[in-house]
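Asks: next comes the sequence, and after it the predicted model I'd like to discuss.
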Amino acid sequence: MAAGAFQREYGAEKRLQVLLDMDGVLCDFEVAFLNTFRKKYPDEPYIEINDRRGLSIAKQYRETINPDMHVSIKSVLKILICMANST
């Protein structure tokens, strides 16, 4: 997802720089997202790690589970961003 698309989708107020560790050594974003999502929304359906497809978590959740999940996804992403910024 391009930076402009991310800003539009998640309402980022300033340009966001995203660093990806593709082999999972520094950070396993998918696991962190799922753990945070399940902790914050224990009664909501979720997508197992092995069933995740594509780059956009929000898009897959909207298309697979519920079109209105963007609020929940945005909330979890904000938590993860705050956690990353606090280290």
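Replies: Noted; the coordinates are in hand.

Asks: average pLDDT for the strand or helix carrying residue 82, rounded please.
Replies: Per DSSP states H and E: residue 82 is located in helix 70-85. Averaging pLDDT along helix 70-85 gives 85.

Asks: which strands or helices does it pack on?
Replies: Applying 3 or more Cβ pairs under 8 Å, 6 or more residues apart in numbering; DSSP states H and E, we find helix 70-85 packed against helix 3-10, helix 29-40, helix 57-64. Placement of C-beta: from N, CA and C, glycine included.

Asks: so which of the ones you listed is nearest residue 86?
Replies: Counting by Cβ to Cβ, residue 86 lies closest to helix 29-40 out of the helices and strands packed on helix 70-85; the figure is 13.6 Å.

Asks: in the closest one, what's buried?
Replies: For helix 29-40, the neighbour count (16 or more other Cβ atoms under 10 Å) marks 29, 33-34, 36-37 as buried.

Asks: I'd like those residues as CSV, with distance to residue 68 and pLDDT appended.
Replies: Output for these, formatted as CSV (distance: Cβ to Cβ, whole Å; pLDDT from 0 to 100):
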residue, distance to residue 68, pLDDT
29, 23, 84
33, 18, 93
34, 19, 94
36, 19, 94
37, 15, 95
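
Asks: mind putting the residues you listed in JSON lines, distance to residue 56 included?
Replies: Output for these, formatted as JSON lines (distance: Cβ to Cβ, whole Å):
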{"residue": "29", "distance to residue 56": "12"}
{"residue": "33", "distance to residue 56": "12"}
{"residue": "34", "distance to residue 56": "15"}
{"residue": "36", "distance to residue 56": "17"}
{"residue": "37", "distance to residue 56": "15"}
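
Asks: any idea which of these is closest to residue 50?
Replies: Closest to residue 50 out of the buried residues of helix 29-40 is residue 34 (10.8 Å), distances taken as Cβ to Cβ.
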